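Novice: Sequence first, then the predicted structure:
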Amino acid sequence: MKKRIILALAILLTGLQVWAQGDKAHVEEIVTKSNIQGHIYFLASDELRGRATGSPEIDIAAQYISSSFTRYGVKPVPGADEGYFQYVHLQSVSKPAHVSAGLNGENMEPEDMLVLRGESVTSEAEMVYLKLGTEEDFRKYKKDLTGKIVIVDGGLPEGATGSVFTAGTEKADRALERGAAGIIELWGTEAFNWAGIRQYVESERYRVAPKPSADQSFFQLWVKDYEGAYMDVINKAKKQKMMVSLGARNRKDMYSKNVVGMVEGTDPVLKNEFIIYSAHYDHVGIGKANDEGDSIYNGARDNAVGVVTVMSAAESIAKKPTKRSALFILFTGEEMGLLGSSYYVENPLLPLNQMVYCFNSDNGGYNDTSVATIIGLDRTTEAEHIRKACEMFGLTAIDDPAKEQGLFDRSDNVNFAREGIPAPTFSMGFQAFDEEIFKYYHQTRDNPDNLDYDYLEKFFRAYVMACRLIADDTGKPFWVEGDKYYDAGKALYNPQN
Ligand SMILES: [Zn+2]
């Protein structure tokens, strides 16, 4: 009996081996050095001028990817804006043209005020002091808050850790929900570098444009009160009155594109599950010239390489579909703050709870051609498949060796992780984020002619092979227990529990 089981197991294993070998030959046929070189030399050419989001040249890259999808047999996703394109509306917003405020008849200094939300409002209203503005502080206030101005102390409760921005947003949302006209956080201690925060808040950088329905009249102000002078005014006055007036903001719109395509899976059940294969295709464009006068930041490593990993997977899966369905997404706006992927998770073309894995590819540089570095390798259940795929092409898969860089949370994968979707990032081999990486990372030197294409052939084949192993395995991918995003995953896939 035992022997028979062993024999059956042996046959099964041989079967898997043969099947994996069949896939290996297929991958070797699709992913070749000349194919890779052709794509990278085009995407990272001087003619594409560094593919800056909003430039005409990034649209040429988008067209190139979309034409390749057509050639491979990748299908557009129903609901996309046009063919393979999802239009991404970005916007940069100036600070309000003017800011003024008065506390019980006394004017406040404009230099003390930072406007985090709101524009074009003039509000004169009763103010209510609600301590730190915690949920409990709000609950304890039994009267109506409609139209009133809420004053709270700045920051987090003592001993709590977290972002003061997030805490501030939560306080503001509490006030907004209860119908308040606005909220003011008074900073009584020198908790941070005020000038630095001002520069950050007031910088005119592009973000995903808010939905047109968003209410702009609610305001959120941070007020510097290190000397406690404003708090004194509040404490002394009998009638608590406040006046706030904010001017209009200027807006600049920018439209860019995510490129999205799909291939339906072959398994009647598993085809309802999708694996996302993603990479950003933008880079930083034209910048400061180097000593030789080169000002084009070509972005060969960052991230023409990532684009080509996804294109290679697209070609392979279109020609030989996997059991699960595949969704290929090339993001715009990553270098501006992960904007294309933020936009996508806010406006997904397919339900996010059908996306069981996101296998992202992003690259800075490499310093070890015997490995592939997978940021988050051991954080999902698919580590074994990725290790195996790397081994098949003579590479060793290693996890993030530079955790201090926070790389997991610095690429597009994190927007999917936050939704609960297991999402590691596949990168060219590096053992440390050292000088060799910084030599190319966001430098004019990041060109297609100084890449090791023998290594890249193995690297791309390993990625595509890993894609196939994950997409054909009937076991559903998930986070490793205890991971930061484990609960988000539970909430996404089993909302009833
Ligand atoms: Zn990148």
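Specialist: Done, it's in. Numbers count the residues shown, from 1 in each chain.
Novice: contacts and neighbour counts: CA atoms only from here.
Specialist: Noted.
Novice: how's the protein carved up into domains?
Specialist: According to automatic domain parsing, the chain comprises the domains 26-92+253-493, 99-248.
Novice: mind giving me JSON lines with these and columns for mean pLDDT?
Specialist: Converted to JSON lines, the domains of the chain look like this (pLDDT from 0 to 100):
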{"stretch": "domain 26-92+253-493", "mean pLDDT": "97"}
{"stretch": "domain 99-248", "mean pLDDT": "91"}
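Novice: Tell me which of these approaches the ion most closely.
Specialist: For the ion, the closest of these is domain 26-92+253-493, at 4.6 Å, according to CA to the ion.
Novice: ends of that closest one, how far apart?
Specialist: Start-to-end span of domain 26-92+253-493 (CA to CA, to the nearest Å) is 33 Å.
Novice: And stretch 369-385, by the same measure?
Specialist: Stretch 369-385 stretches 20 Å from its first residue to its last (CA to CA).
Novice: near the ion, anything from that stretch?
Specialist: No. Stretch 369-385 lies out of reach of the ion by CA under 5 Å from the ion, never closer than 12.9 Å.
Novice: Please list the outside residues in contact with that stretch.
Specialist: Residues outside stretch 369-385 that contact it (CA atoms under 8 Å, 6 or more residues apart in numbering): 386, 390, 394-400, 407-408, 422-431, 455, 459, 466, 469-470, 477-480, 483.
Novice: looking at the domains of the chain, which is buried most?
Specialist: Mean neighbour count (mean count of other CA atoms under 10 Å) peaks for domain 26-92+253-493 among the domains of the chain, with a mean of 21.
Novice: Distance to residue 20 for the domains of the chain - can I get that in JSON lines?
Specialist: Output for the domains of the chain, formatted as JSON lines (distance: least, CA to CA, whole Å):
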{"stretch": "domain 26-92+253-493", "distance to residue 20": "8"}
{"stretch": "domain 99-248", "distance to residue 20": "42"}
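Novice: before we move on, back to that, could you tell me which of the contacts of stretch 369-385 are located in strands?
Specialist: Counting by DSSP state E, the contacts of stretch 369-385 place 396, 397, 398, 399, 425, 426, 427, 428 in strands.
Novice: restrict these to contacts with the ion.
Specialist: Of the ones in strands among the contacts of stretch 369-385, not one also sits near the ion (CA under 5 Å from the ion).
Novice: Using CSV, lay out those together with distance to residue 203.
Specialist: Listed next are the ones in strands among the contacts of stretch 369-385 as CSV, based on distance: CA to CA, whole Å:
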residue, distance to residue 203
396, 43
397, 40
398, 38
399, 35
425, 29
426, 32
427, 31
428, 33
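Novice: right, and residue 461 touches residue 29 too?
Specialist: No. Counting by CA atoms under 8 Å, residue 461 sits too far from residue 29 to count as a contact (9.8 Å).
Novice: Look up the residues forming beta bridges with residue 106.
Specialist: Counting by DSSP bridges, residue 106 forms beta bridges with residue 103.
Novice: tell me the contacts of the most centrally placed residue in the chain?
Specialist: In the chain, the residue lying closest to the centroid (CA atoms, centre = their mean) is residue 412, at 3.2 Å. The contact partners of residue 412, by CA under 8 Å, 6+ apart, come to 279, 280, 334, 338, 341, 342, 360.
Novice: Residue 353 now?
Specialist: Contact analysis of residue 353 by CA under 8 Å, 6+ apart lists 492, 493.
Novice: all strands for the stretch 1-150 of the chain, in order.
Specialist: Remark: strands assigned in the stretch 1-150 of the chain by DSSP state E, counting those that start in this stretch are 75-76, 85-93, 99-103, 106-107, 113-117, 121-129, 149-153.
Novice: closest one to residue 224 among the ones you listed?
Specialist: Residue 224 lies closest to strand 113-117 among those, at 6.5 Å (CA to CA).
Novice: Up against the ion, what does the chain have?
Specialist: Within the chain, the positions lying close to the ion (CA under 5 Å from the ion) are 302, 362.
Novice: And the helices in the chain?
Specialist: 2-30, 33-43, 56-72, 135-140, 164-177, 194-202, 229-236, 306-319, 339-346, 383-392, 413-419, 435-438, 453-472, 486-493 (DSSP state H).
Novice: looking at these, which is closest to residue 87?
Specialist: Using CA to CA, the nearest of these to residue 87 is helix 339-346, at 9.4 Å.
Novice: what is the orientation angle of that closest one with strand 85-93?
Specialist: 110 degrees (axes from the mean of the first three to the mean of the last three CA atoms, to 10 degrees).
Novice: neighbouring contacts of helix 339-346?
Specialist: With CA under 8 Å, 6+ apart as the test, helix 339-346 has contacts from 88, 90, 207-208, 257-258, 331-334, 352, 412, 415-416, 419.
Novice: which residues of the stretch 201-350 of the chain fall in strands?
Specialist: For the stretch 201-350 of the chain, the strands defined by DSSP E, counting those that start in this stretch cover 206-208, 219-224, 241-246, 251-263, 274-280, 285-286, 296-297, 325-331.
Novice: Of all the ones you listed, which one is nearest residue 98?
Specialist: Of these, nearest to residue 98 by CA to CA is strand 241-246, at 5.7 Å.
Novice: how far away is the residue nearest to the centre of the chain from residue 197?
Specialist: Distance from residue 412 to residue 197, by CA to CA: 25 Å.
Novice: Repeat that for residue 38.
Specialist: Residue 38 is 45 Å from residue 197, by CA to CA.
Novice: likewise residue 54?
Specialist: Residue 54 is 27 Å from residue 197, by CA to CA.
Novice: now residue 108
Specialist: 19 Å.
Novice: what does residue 490 give?
Specialist: Per CA to CA, residue 490 is found 36 Å from residue 197.
Novice: same thing with residue 495?
Specialist: 38 Å.
Novice: so what's the nearest residue to residue 26 once chain neighbours are set aside up against?
Specialist: Closest residue in space to residue 26, ignoring its immediate chain neighbours: residue 316 at 7.7 Å, by CA to CA, 6 or more residues apart in numbering. Contacts for residue 316 (CA under 8 Å, 6+ apart) come out as 26, 27, 30, 464.
Novice: try 10 Å
Specialist: By CA atoms under 10 Å, 6 or more residues apart in numbering, the contact set of residue 316 is 23, 26-31, 72, 310, 322, 464-465, 467-468.
Novice: what do you get for residue 27?
Specialist: 21, 312-313, 315-317, 320, 460-465, 468.
Novice: what sits against residue 365?
Specialist: Here residue 365 is in contact with 300-303, 305, 427-430, 433-434, 436-442, 446, 451 (CA under 10 Å, 6+ apart).
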